[in-house]
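**Q** Based on what follows, work out the 3D shape:
(one chain, ligands or ions: 1)
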Amino acid sequence: MNDTNLKYDVLIVGGGVVGTALLYTLSKYTDIKYIGLIEKYSDLGMVNSAATKNSQTLHFGDIETNYSFEKAKSVKLYADMVMKYLENEKKSDYEQKLFSKYSKMVLAVGKSQVDDLGKRFLTFSQLFPKLRVIAREEIGKIEPRIVEGRDPDQEILALVTEDGYTVDFKKLCHSFVDNAKKGNPEISIHLSTKLLKIVKGKDYYTIKTDKGEIQAKTVAIAAGGHSLLIAKSLGYGKNLSVLSMAGSFYTAPKVLNGKVYTIQVAKLPFAAIHGDPEVHNEKITRFGPTAKPIFQLERHNSSTFLEYWKTFGLGLSPIISLFKIIFDKVLFNYIVVNILYDLPFIGKRLFIKQIRMIVPGMKMSELKYARGIGGTRPQIVNNTTRKLEMGEAKLIGDKIIFNITPSPGASTCLGNAYTDTAKIIEFLDNKFKFNKEAFEKDLM
Ligand SMILES: Cc1cc2nc3c(=O)[nH]c(=O)nc-3n(C[C@H](O)[C@H](O)[C@H](O)COP(=O)(O)OP(=O)(O)OC[C@H]3O[C@@H](n4cnc5c(N)ncnc54)[C@H](O)[C@@H]3O)c2cc1C
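**A** Here you go, the predicted structure:
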């Protein structure tokens, strides 16, 4: 940062997919001129938005059986925006390869799951008209390894659709920024610039970074789990804590042609274990993610240990919430097994049992633990209700917004940007215009 006295109308903190989607929306669809973004790493999308850190899935809610109808409805609206953006980009720059498209299905195994999935289809097909119910024969045509070696008496059923988007969300960050610059050449991106402290003044926030000070009339914090830490430093979100749920993956040579999800226990806020082709290499199938608690805000970054505990909160209340949540029988058993999946020797032997629900003939020699792959989801713990919340959280303060983004935060990035843009215009006393019509025409 050369200029030590920078002033913006809007400053975005965090260059993941949520921050860059907002930058894109503000630049392309509003007349706000002075917009800045700071990112602590030397590149965009290095944390949870990196292709190696998440499941690369554009979640719509059609095959995610842990979503209620209402949740699926809202996620679909937002995921459709990303889908439109991706398809528009493909037309204008085919070489970019932001995504690949495959079939995707959710597979029910055994009578009870088959009955439940059949019932789910009756409701969810209203929202997803392209979803089809398929039985063993057609499942085998689309995904032969699901049927090969399976007990012929075992009941199976699947819901399938062609709209299986596998997205490189890091590349999407870059695409958002490139297009933002076309919309507004005045925007400034400060990489390798870390927010250290934020202070509220009369008309401006002062953002102290390791490269100097920035002033901004309004601020949007899109720093993943760190958003809650920053919120707490300003007195917001005091009743919230974070449970950092790391997800690991196993890989195998291509055993599936598309995405195959298993049925999730409704209580759990995580996508069930699934198999997907790698976004840039369909010859590799990735299985996961697992979910185990870690005491870091960023996976594979031990310097975020203290930050985690500051975000979690040191009082009695978060500890009581944690015990209440973790000692729920379903969650407790789930977490214990998921911790074991990461252990050498035993992990693979346990995890293969899950995978054999999808690919019964999977061999031990085919499966490999994907070292260094997988980020961590900042799941919100509400210390008032003592419950683990299902998805993303947003805190609105005085001319400041904080986005905390577990899954499906990448799928909902443009919908989130739409909401934040409307709020920012309000923060700036409606002196600027948000061209919602153009946004809706392009992306809805
Ligand atoms: C295992 C796993 C699987 C997932 N699968 C999916 C999926 O299939 N589909 C889906 O939609 N979502 C998925 N998610 C969730 C998704 O990855 C996140 O919701 C999404 O990437 C969040 O984007 P973000 O921009 O908020 O966060 P991030 O990508 O983490 O970006 C936050 C940025 O803020 C920066 N930052 C933090 N602190 C500071 C600071 N003090 N100063 C400056 N910069 C700072 C960080 O460096 C980082 O670049 C998954 C997550 C995990 C962990």
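**Q** Tell me the spatial nearest neighbour of the closest residue to the ligand within the stretch 1-150 of the chain, not counting adjacent residues.
**A** Going by Cβ to the nearest ligand atom, the ligand is nearest to G16 of the stretch 1-150 of the chain, at 2.2 Å. Every C-beta, even on glycine, is put in place using the N, C-alpha and C of the backbone. Nearest residue to G16, sequence neighbours excluded (Cβ to Cβ, 6 or more residues apart in numbering): S49, at 4.1 Å.
**Q** which residues does the one you found contact?
**A** G16, V17, V18, F169, K170, L172, C173, A410 (Cβ atoms under 8 Å, 6 or more residues apart in numbering).
**Q** tell me which element it is part of?
**A** If you go by DSSP states H and E, S49 is not part of any helix or strand.
**Q** try R145
**A** helix 144-147.
**Q** For that helix, buried residues please.
**A** Within helix 144-147, the residues that qualify as buried are R145, I146, V147, counting by 16 or more other Cβ atoms under 10 Å.
**Q** tell me the SS of the closest residue to C413 other than its chain neighbours?
**A** Excluding the flanking residues, the one nearest C413 by Cβ to Cβ, 6+ apart is A21, at 3.8 Å. Put simply, A21 is helix when judged by DSSP: H, G, I helix; E, B strand; the rest coil.
**Q** A21: neighbour count?
**A** 30 (other Cβ atoms under 10 Å).
**Q** what's the answer for D442, then?
**A** 15.
**Q** Spit out the contact partners of it.
**A** K84, Y85, N88.
**Q** That one is in what secondary structure piece?
**A** helix 436-443.
**Q** check contacts around N403.
**A** So N403 contacts V18, A220, I221, A222, S227, E392, A393, K394, G409, N416, D420 (Cβ under 8 Å, 6+ apart).
**Q** The same query, at a cut-off of 6 Å, please.
**A** N403 makes contact with V18, A222, S227, K394, according to Cβ atoms under 6 Å, 6 or more residues apart in numbering.
**Q** and it, helix, strand or coil?
**A** Classification of N403 using three-state DSSP returns strand.
**Q** circling back: need the next SSE after the helix holding R145, C-terminal direction.
**A** That would be, after helix 144-147 and using DSSP H and E, strand 156-167.
**Q** now what about that next one, what contacts it?
**A** By Cβ under 6 Å, 6+ apart, the list of residues contacting strand 156-167 from outside reads 56, 58, 99-109, 114, 117, 121, 130-134, 136, 139, 258-259, 279.
**Q** Can I get the buried part of the residues you listed as one PyMOL selection?
**A** The PyMOL command for the buried members of the contacts of strand 156-167 (criterion: 16+ other Cβ under 10 Å) is given here:
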select buried, resi 56+58+99+100+101+102+103+104+105+106+107+108+109+114+117+121+131+134+136+139+258+259+279
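**Q** Which of the contacts of strand 156-167 fall in helices?
**A** Within the contacts of strand 156-167, residues falling in helices by DSSP state H are V114, L117, F121, R136, I139.
**Q** Show me the two of the residues you listed that sit farthest apart.
**A** Greatest spacing in these, by Cβ to Cβ: F121 and R136 (16.1 Å).
**Q** what's the burial count for L122?
**A** When neighbours are defined as other Cβ under 10 Å, L122 has 9 of them.
**Q** Tell me how far it lies from M357.
**A** 24 Å (Cβ to Cβ, to the nearest Å).
**Q** swap in L350?
**A** Distance from L350 to M357, by Cβ to Cβ: 13 Å.
**Q** Thanks a lot, catch you later.
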